[in-house]
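> here's my sequence, what's the structure:
(one chain, ligands or ions: 2)
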Amino acid sequence: MRALTWHGRHDVRVDSVPDPEIVNPRDAILKVTSTAICGSDLHLYDGYIPTLRAGDVLGHEFMGEVVEVGRSVRKLAIGDRVVVPFPIACGACAACKAQSYSLCENSNPNAWMAEKFMGHSPAGVFGYSHMLGGFAGGQAEYARVPFADVGPLKIPNGLDDDKVLFLSDIFPTGYMAADFCDIQPGDTIAIWGCGPVGQFSIRSAFLLGAERVIAIDAVPERLKMAEQGGAETINYEKQNVYEALMEMTGGRGPDACIDDVGMEAHAPGLIFAYDRVKQAMMLETDRPHALREAIMCCRNGGVISVIGVYGGFIDKFPMGSVMNRSLTIKTGQAHVQRYMRPLLQMIENGEIDPSFVVTHRMSLDDAPHAYDIFKNKQDNCIKVVLKPDWDGNEGAGAKDDSYTVVH
Ligand SMILES: [Zn+2]
Ligand SMILES: [Zn+2]
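Numbers count the residues shown, from 1 in each chain. Ligands and ions are numbered 1, 2, ... in the order given. The predicted structure follows:
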């Protein structure tokens, strides 16, 4: 089959690789119909996540049709259309029973590698390094899905792939970030990062009852999409974020601050250079500018919700501000399986149509180009969906000239 494979920093290729096979009786094999490139794939693309190997198949946001099931699979049948959550979860361990699926204790066969970096291992994740299980990803024509009765969500006929694909990651991830904020009527939520997850956090904060959402980024098309979602915006290249937020909140600060940026933050001025240099010298692995700023801006007693991905160690962390001002930090990889059904219900009810975030639809064969324009924010690229069967003639671009179709 054809699949997107990693070969080194900024080097991904579509190669022919062996088809996946059932290796465990609880596996299913999917024919992938849609798969997306995630902001967290860029951390792999940029070479910041250890334990990737040349030839690894990337991709953890995918859906498709079941074409084969292991003999112990009960809930799925050949022909079912399913969306697959990115954390792999067994459904039976203590973490899964507590609905903390991204902490599944049974799904990472390489837990010992993660233990070296993090003390304990989180769940295995598709297409996200050997430290997280070495599972082949879904940016491919076919994918093997372990614990097939636990994760994959069956999709009723009639809902387009583009409306449900993001139940695999970015919608539940953005939603969980807002859910962490314990939003009360009248609350103002500030969100760092208006990439795809940030866009879903904006809309989720409103769905959960926020009165105001203030979104921070510097990319014009992302800020525009944030405003379309009802957010007020701050362009950090044009305004001092702290001063702007204090002015907008009567000097009090936002009730909760969401970090939807993670380890590769950009920032104006010296602090960015400081983090870049320390990261390049391996003195810190991550650039936590957004997190530092979120902490300093949050009101006393507020919540810091961290859903942007961090890989290792950070520097100049303002613990004094966290402790003295009674801030609560909540974080984690999304427990996607916990949110998929209620969020599908919202899509079916018409409360949200997640396809708003798609700016590009392309063939899987164009994936290297897609990584390039997504990474470099060219061509107004916010979110790319790859279709292994795409012939470029489905006319999706004709429906709405706010996005572009690249062949
Ligand atoms: Zn993702
Ligand atoms: Zn488990």
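> run through who's touching the host helix or strand of Leu4.
In the assignment (DSSP states H and E), Leu4 maps to strand 2-8. The contact list for strand 2-8 (CB atoms under 8 Å, 6 or more residues apart in numbering) reads 12-17, 44-45, 47, 52-59, 136-137, 139-141, 364-365, 367-368, 386, 388. For the C-beta atoms, the positions are set from N, CA and C on the backbone; glycine is no exception.
> what's the offset of it from the middle of its chain?
19 Å (CA atoms, centre = their mean, to the nearest Å).
> thinking again about what came up before, of the contacts of strand 2-8, just the buried ones, ChimeraX syntax please.
Those of the contacts of strand 2-8 that count as buried under 16 or more other CB atoms under 10 Å are selected in ChimeraX with:
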select :12,14,17,44,45,52,56,57,58,59,136,137,139,140,141,364,367,386,388
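> the strand holding Leu4: which residues count as buried?
For strand 2-8, by 16+ other CB under 10 Å, it's 2-6.
> with pLDDT and distance to ligand 1 added, can I get those in a markdown table?
Shown next, in a markdown table, are the buried residues of strand 2-8 (pLDDT from 0 to 100; distance: CB to the ion, whole Å):
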| residue | pLDDT | distance to ligand 1 |
| --- | --- | --- |
| Arg2 | 97 | 21 |
| Ala3 | 98 | 17 |
| Leu4 | 98 | 14 |
| Thr5 | 98 | 18 |
| Trp6 | 97 | 15 |
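> quickly check: whichever strand or helix holds Met176 near ligand 1 or not.
Per DSSP H and E: Met176 is located in helix 170-179. No. Helix 170-179 lies out of reach of ligand 1 by CB under 5 Å from the ion, never closer than 5.8 Å.
> can I get that helix in PDB, CA atoms only?
Output in PDB follows, covering the C-alpha atoms of helix 170-179 (Å, rounded to 0.1, in the frame of the first residue of the first chain):
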ATOM      1  CA  ILE A 170      -8.800  17.900  17.400                       C
ATOM      2  CA  PHE A 171     -12.500  18.300  18.300                       C
ATOM      3  CA  PRO A 172     -12.300  16.300  21.500                       C
ATOM      4  CA  THR A 173      -8.800  17.800  22.200                       C
ATOM      5  CA  GLY A 174     -10.100  21.400  21.800                       C
ATOM      6  CA  TYR A 175     -13.200  20.500  23.700                       C
ATOM      7  CA  MET A 176     -11.300  18.900  26.600                       C
ATOM      8  CA  ALA A 177      -9.200  22.000  26.900                       C
ATOM      9  CA  ALA A 178     -12.300  24.100  27.400                       C
ATOM     10  CA  ASP A 179     -13.900  21.400  29.700                       C
END
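> still on that earlier bit, from the contacts of strand 2-8, which land in helices?
Cross-referencing the contacts of strand 2-8 against helices under DSSP state H gives 44-45, 367-368.
> distance of the residue of the stretch 101-250 of the chain found nearest ligand 1 relative to Ala267?
Nearest residue of the stretch 101-250 of the chain to ligand 1, counting by CB to the ion: Asp169, 3.7 Å away. Distance, Asp169 to Ala267, using CB to CB, to the nearest Å: 26 Å.
> which one of those two is surrounded by more residues?
Shown here are Asp169 and Ala267; by other CB atoms under 10 Å, Asp169 has more neighbours (29 against 21).
> so the more buried one makes contact with Val84?
No. Counting by CB atoms under 8 Å, Asp169 sits too far from Val84 to count as a contact (9.6 Å).
> got a pLDDT number for Pro268?
pLDDT, Pro268: 71.
> what count of nearby residues applies to it?
A count of nearby residues for Pro268, using other CB under 10 Å, gives 14.
> before we move on, what about Gln99?
Gln99, neighbours per other CB under 10 Å, totals 12.
> ok, it - contacts?
Gln99 neighbours (CB under 8 Å, 6+ apart): 335, 337-338.
> for Asp179, which non-adjacent residue is spatially closest?
Residue nearest to Asp179 in three dimensions, not counting chain neighbours: Leu208, with 6.7 Å by CB to CB, 6 or more residues apart in numbering.
> what's the answer for Ala256, then?
Cys181 (3.6 Å).
> for Arg203, same thing?
Nearest to Arg203 is Gly229, by CB to CB, 6+ apart, at 5.1 Å.
> which pLDDT value belongs to the one you found?
97.
> and if you look at Asp275?
77.
> that one - that's part of a strand, no?
No. Counting by DSSP: H, G, I helix; E, B strand; the rest coil, Asp275 falls outside a strand, being helix.
> please tell me how far the closest residue to it other than its chain neighbours sits from ligand 1.
Closest residue to Asp275 apart from its sequence neighbours, by CB to CB, 6+ apart: Arg287 at 3.8 Å. According to CB to the ion, to the nearest Å, Arg287 and ligand 1 sit 19 Å apart.
> check contacts around Arg287.
The contact partners of Arg287, by CB under 8 Å, 6+ apart, come to 263-265, 272, 275-276, 279.
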